[in-house]
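>>> The following comprises the amino acid sequence and a computationally predicted model.
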Amino acid sequence: MRMTTQLSENWTLTIPSEIVAARAWQAGQRFLLIPSGAGLRLLPLHAARLAPAPTEHQPLIVQDAELEKLRGMARGAATDNYRDRQDRY
């Protein structure tokens, strides 16, 4: 499903209603914007993952609690063929 949108003079992008409905996004929902090559990735954020509301000039930051959830996720991973970074001078 490829669609286009246009950046307004107020720097606003309108997301087509078909995309919003297919993903069950809500008005007022917050998103994480990630620069990706020549484009941009748009990821929805949930209220439980957010730090306190940002001020006017402060970006939205995902809390460190998310990092705690990742601890131990690679437990049991194969460690053979691990590259020794000390082989460079």
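Ah, there it is.
>>> alpha carbons only for contacts and neighbour counts from here, please
Fine.
>>> A helix includes residue 21, no?
Yes: counting by DSSP: H, G, I helix; E, B strand; the rest coil, residue 21 is located in a helix.
>>> Can you report how many residues neighbour it?
10 (other C-alpha atoms under 10 Å).
>>> distance of it from residue 12?
19 Å (C-alpha to C-alpha, to the nearest Å).
>>> do the same with residue 33
Relative to residue 12, residue 33 is positioned 14 Å away (C-alpha to C-alpha).
>>> likewise residue 6?
From residue 6 to residue 12 the distance is 8 Å (C-alpha to C-alpha).
>>> Check residue 80 too.
The gap separating residue 80 from residue 12 is 49 Å, by C-alpha to C-alpha.
>>> And the two? Which one has more around it.
Taking neighbours as other C-alpha under 10 Å, residue 80 and residue 12 compare with residue 12 leading, 10 against 6.
>>> What about the nearest residue in space to residue 3 that is not next to it in sequence, how many residues nearby?
Distances taken as C-alpha to C-alpha, 6 or more residues apart in numbering place residue 16 nearest to residue 3, at 7.6 Å, with adjacent residues excluded. By the measure other C-alpha under 10 Å, the count of residues near residue 16 is 11.
>>> Surely residue 16 is in contact with residue 5?
Yes: under the contact definition of C-alpha atoms under 8 Å, residue 16 touches residue 5, with a separation of 7.5 Å.
>>> Please enumerate the strands of this protein.
Remark: strands assigned in the chain by DSSP state E are 31-36, 39-44.
>>> outside of the last one, which residues touch it?
Around strand 39-44, the neighbours that count as contacts under C-alpha atoms under 8 Å, 6 or more residues apart in numbering are 29-35.
>>> any chance of these in TSV, plus distance to residue 71 and neighbour count?
Shown next, in TSV, are those (distance: C-alpha to C-alpha, whole Å; neighbours: other C-alpha atoms under 10 Å):
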residue	distance to residue 71	neighbour count
29	28	10
30	26	16
31	24	13
32	22	13
33	24	12
34	23	11
35	26	9
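>>> Closest one of those to residue 70?
For the contacts of strand 39-44, the minimum distance to residue 70 (C-alpha to C-alpha) is 18.8 Å, reached by residue 32.
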